[in-house]
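Q: sequence below, structure please.
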Amino acid sequence: MNQDLSRRLAAEALGTAFLLAVVVGSGIMGESLAGGNTAIALLGNTIATGAILVVLILIFGPLSGAHFNPAVTLSFVMQGTLEKRIALLYVAAQIAGGLAGMLIAHAMFEEPLFQASEKLRTGPAQWLAEFVATFGLLATILGCVRFRPDAVAYAVGLYITAGYWFTASTSFANPAVTIARSFTDTFSGIRPLDAPGFIIAQLLGAVAATLVFAWLLAPKAAESSASEQAAE
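A: Below is the predicted model:
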């Protein structure tokens, strides 16, 4: 494995680890300080997650693209901009990093390291919410990459901040996050039994968004090509 790929995989693992440490840790902190008020706990969880996404994308974006998410990686494979072999390594790094971040959050808050969540999150409404959440996340990324690449970090952070509140599932929108959260029986958890339904919905949302935006953005590419030819 060459050094460049090693750095890219390390960036994906570290970024996803920090993301999960924040998601799980802020959930624990929020719940402990909210005095039983779930809205306040969710607000704390939301702000911390949206903020860290901006920071992580700014740090790791130039290194690996800052996917931190198998659904995002799948989209780039579909677009032909990421090799399948490298994509599989990205996904492995994201899942490993997510699990590490979850364990670190448990250790920081003196929680048992190994847990299985008992938090029920299932049903058609929740699956639809995850489809919508992931579709919207990919729409944010694809649109910004085309038109405002400098704004990706801020747009993603803001989208997930909104997603926590407008989706019934609180916008996991990430299979690696879903896997890691199934092993925490804290505020942000999801039962392992419920995780596959979320992951399928997320992957379908990513595929749908990639296909829709390949069509939606194609006229722009055609116009640019025509303009360049005219200039020649």
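
Q: the helices in this structure, which residues?
A: 3-33, 38-64, 70-78, 84-108, 124-147, 152-166, 175-181, 195-231 (DSSP state H).

Q: just checking, what packs against the first one?
A: Translated: helix 3-33. helix 38-64, helix 84-108, helix 175-181 (3 or more C-beta pairs under 8 Å, 6 or more residues apart in numbering; DSSP states H and E). Bear in mind the C-beta positions are built from the backbone N, C-alpha and C, glycine included.

Q: so where's the protein shaky on pLDDT?
A: 1, 220-232 (pLDDT under 70).

Q: might you report the residue contacts of L120?
A: 191, 194 (C-beta atoms under 8 Å, 6 or more residues apart in numbering).

Q: try 10 Å
A: 126, 189-191, 193-194 (C-beta atoms under 10 Å, 6 or more residues apart in numbering).

Q: how far away is it from D194?
A: Using C-beta to C-beta, to the nearest Å, L120 is found at 7 Å from D194.

Q: ok, back up a step: so which of the helices and strands packed on helix 3-33 is nearest F166?
A: helix 38-64 (11.1 Å; C-beta to C-beta).

Q: in the closest one, what counts as buried?
A: 41-42, 44-46, 48-50, 52-54, 56-57, 60-61, 63-64 (16 or more other C-beta atoms under 10 Å).

Q: and that helix with helix 152-166, angle?
A: 150 degrees (axes from the mean of the first three to the mean of the last three C-alpha atoms, to 10 degrees).

Q: would you format the helices of the chain as JSON lines with distance to F114 included?
A: Converted to JSON lines, those look like this (distance: least, C-beta to C-beta, whole Å):
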{"stretch": "helix 3-33", "distance to F114": "13"}
{"stretch": "helix 38-64", "distance to F114": "22"}
{"stretch": "helix 70-78", "distance to F114": "23"}
{"stretch": "helix 84-108", "distance to F114": "8"}
{"stretch": "helix 124-147", "distance to F114": "25"}
{"stretch": "helix 152-166", "distance to F114": "26"}
{"stretch": "helix 175-181", "distance to F114": "12"}
{"stretch": "helix 195-231", "distance to F114": "16"}
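
Q: appreciated, that's everything.
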